[in-house]
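Asks: Let's see this in three dimensions:
(chains A and B)
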Amino acid sequence: MDAYLIAIAIITAIYVLMALGLNLQYGLTGLVNFGVVGFFCVGAYTTAILSQKGVPQYITFPLAALLAMAFAWPLGLVSIRLREDYFAIVSLGFSEVVRLVATSEGWLTQGVQGIPGIPKMFGTFSGTTQALAVLGLLVVFNLVAIAAMLRIVRSPFGRMIEAIRDNEEAVKALGKDPAGFKIQVLVLGSALTGLAGAAYAHYIGFISPEQFIPLITFQIWMAIIMGGVGRISGALVGAIILMVFLEGSRFLRDVMPFISEVAMASVRLGVVGLALVLFTMYRPQGLMGDFTRK
Amino acid sequence: MSGFLELAISGLMSGLVIGLAALALTLVFGVARFANAATGDFMTIGAYAAVFGFTATGSIVIGGLLGLFIGAVSGVISYFLVFRVLEGRPSVSALLASIGVGFIIRSVLGVIYGHGQQVFQLPLVRPWRYFDVRIQPNDLKIGATALLALLVVFLVLHATPIGRRMRAVADDPMLARVSGIAPRKVMFALWAMSGAVAALAGVLLGIRTVIWPEMGWEMLIPVFAAAVLGGIGHPVGAVLAGVILGVVQEIATPYVGFTYKLALAFIILLVVLLVRPKGLFGRVEGVR
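Replies: Take a look at the predicted model:
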């Protein structure tokens, strides 16, 4: 039971990291990034491929974040000046192309077979100690990310990105260039997502392209919208709701085995869709959001 | 050379399908001002409804008409339940909601039909040969159907009162309103038309390939690329751009490989957005 709870906590922590990245991008800056899973995928594959070659993890983790940033930067350069809904579709396309490359370039990624046997984190420990160490590391990642974000919110940079979210035209009128700030935010948020991808790869131990479908992106969107857009507590609460929902649907299947795994996957998809629709319609500020603002 | 021509013809057909779907996307964009990410899933609904009608009656025409009808109904329902409520909100809300609507549609189809593939059990016909070029008679019928549908849509848009109102709302919603055009009626007609056109694209795609719950969603990037290339909100442009995109994708297949078709659409989308974001026929009104 302990092992199970720790496993849940680890996955939740990975989701929180992604939700924090998206919260920085959408919640604070208003950047509609539909390509979250693309950066997650880049991070996961970077560390998996390098680990196979025997590169130690204290090098592959930073490289995973760096490579995710390296993908975010050119994407931002070419598309961030577009209308926000154009950027959304372009980033969605980006994540699909990343998955396509992971599927097709077998020499690098082993294609659809995926990469098995990715070494565990803290491999020198074993059992509960190892799991707790992984959880500890992820909590540290999250705390650092949250601390950084709190600093950002109170800094001139934070005021600028929030101003961009609230009224981009006004920011332009003040002689600032929103695009530069948005690119920085995209790159920063992607670093968190890439890091989450690396942690995911080492924790699960096996990655294949079909784990990086757009559904993951929209699960994270569901998390931050349900939790509360633009709030750090929102990212946390949202990730926990997401985890409860995903694990809960697994239990439901244990209780009702007549529902096939395929049907359950469809039901999960539908619930994510329903949550997106209902929350954008009736409660765009989320559960933890500002109750007074509409 | 004949291989090249065959690819071009095949591209023309898949281009017409993309063009129809891009027309559905661009119709909604022109009036409701958001990119409806559920367009692809309306295609899927149409295809499933058509298969249902086809297996029940054995007639592809009745099946196709059922597909169109169900597509139109789905469009109207999604407008009535979701997008009507989101009018006047930032376009991101509607975009996000349309993703959700698409998920719900795929979820329902997945629960009912599972994730297996279905096909239209059409009799195999020997391809015709003209100077060494093979032509599938089915392809010709698909092309003719698509062209007929386009003709109908453009007649509706340009020769009927409701079409004139639609264009008026697309041009300037406020001006249309003060001229006494009831926006609701126009929106219902628009969503019905968009749903039906998307569904037809799905039916034709289903006849050419296979039917499964993700078939429409996978078309979203090419369809959006075609809508942008044609100048978003521009119906003729969307169709022409769809055909161009289809032909380019098909002709490039021997060089870039089958798997990178989607990547090609993505790159075309990026290039268009960078070089000419208003598309081939877009209005001067900037989209950047």
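
Asks: okay, CA-based contacts and neighbour counts for the rest of this
Replies: Will do.

Asks: that's a strand at residue A:287, yeah?
Replies: No: according to DSSP: H, G, I helix; E, B strand; the rest coil, residue A:287 belongs to no strand; its state is coil.

Asks: Whatever residue of the stretch 101-250 of chain A ends up closest to chain B: what's it in contact with?
Replies: Nearest residue of the stretch 101-250 of chain A to chain B (CA to the nearest CA) works out as residue A:104 at 7.1 Å. Listed by CA atoms under 8 Å, 6 or more residues apart in numbering or on different chains, the contact partners of residue A:104 are A:111, A:112, B:259.

Asks: so how many other residues sit close to the residue of the stretch 1-150 of chain A found nearest chain B?
Replies: With CA to the nearest CA, the shortest gap between the stretch 1-150 of chain A and chain B falls at residue A:82, namely 4.8 Å. For residue A:82, the neighbour count with other CA atoms under 10 Å in any protein chain shown is 18.

Asks: In three-state terms, label it for me.
Replies: Of the three states, residue A:82 takes coil under three-state DSSP.

Asks: Could you tell me the model confidence score at residue 133?
Replies: No chain was given, so I picked chain A. Reading off the confidence values, residue A:133 has pLDDT 92.

Asks: Switch to chain B, please.
Replies: 74.

Asks: Check the one 5 residues further on too.
Replies: Predicted confidence (pLDDT) for residue B:138: 82.

Asks: list the contacts for residue 164?
Replies: I went with chain A, as the question did not name one. A:29, A:30, A:171, A:178.

Asks: oops, I was thinking of chain B
Replies: B:157, B:158.

Asks: For it, what is the enclosing helix or strand?
Replies: Using DSSP states H and E, residue B:164 sits within helix B:161-171.

Asks: Mind listing what's buried along that helix?
Replies: Buried residues in helix B:161-171, defined by neighbour count with 16 or more other CA atoms under 10 Å in any protein chain shown: B:162, B:163, B:165, B:166, B:167, B:168, B:169, B:170.

Asks: Spell out which parts of chain A neighbour chain B.
Replies: Taking CA under 8 Å from any CA of the partner chain as the contact definition, chain A meets chain B at A:32, A:78-79, A:81-85, A:89-90, A:93-94, A:97, A:100, A:104, A:262-263, A:266-277, A:280-281.

Asks: Could you pull out the helices in the chain for me?
Replies: All of this is about chain A. Here chain A has its helices, by DSSP state H, at A:2-22, A:36-52, A:57-79, A:84-104, A:106-109, A:127-154, A:156-166, A:168-173, A:178-204, A:214-227, A:232-255, A:261-282.

Asks: hmm, I had chain B in mind actually
Replies: Using DSSP H, helices in chain B cover B:2-32, B:39-57, B:60-78, B:91-113, B:137-159, B:161-171, B:173-178, B:183-208, B:220-229, B:235-256, B:261-275.

Asks: so of these, which one's packed in deepest?
Replies: Highest mean neighbour count among these (mean count of other CA atoms under 10 Å in any protein chain shown): helix B:220-229, with a mean of 31.

Asks: what's near enough to touch the residue in the stretch 1-150 of chain B that chain A sits nearest to?
Replies: Here the stretch 1-150 of chain B gets closest to chain A at one residue, residue B:100, 3.7 Å apart by CA to the nearest CA. Residues in contact with residue B:100 (CA under 8 Å, 6+ apart) are A:272, A:273, A:274, A:275, A:276, A:277.

Asks: Now do stretch B:112-131: distance to the chain's middle.
Replies: 20 Å (CA atoms, centre = their mean, to the nearest Å).

Asks: and it, which residues are buried?
Replies: B:114, B:115, B:118, B:120.

Asks: Could you check what's spatially nearest to residue B:265, not counting adjacent residues?
Replies: residue B:222 (5.1 Å; CA to CA, 6 or more residues apart in numbering or on different chains).

Asks: you'd agree the one you found is up against residue B:266?
Replies: Yes: with contacts counted by CA atoms under 8 Å, residue B:222 reaches residue B:266, the gap being 7.0 Å.

Asks: contacting residues around the residue most central in space within chain B?
Replies: Closest residue to the average C-alpha location of chain B: residue B:21 at 0.8 Å, with CA atoms, centre = their mean. By CA under 8 Å, 6+ apart, residue B:21 lies in contact with B:39, B:40, B:43, B:197, B:198, B:201, B:223.

Asks: On the pLDDT front, check it for me.
Replies: 96.

Asks: That one and residue A:104, how far apart?
Replies: 27 Å (CA to CA, to the nearest Å).

Asks: Same check on residue B:97?
Replies: Counting by CA to CA, the gap from residue B:97 to residue A:104 is 32 Å.
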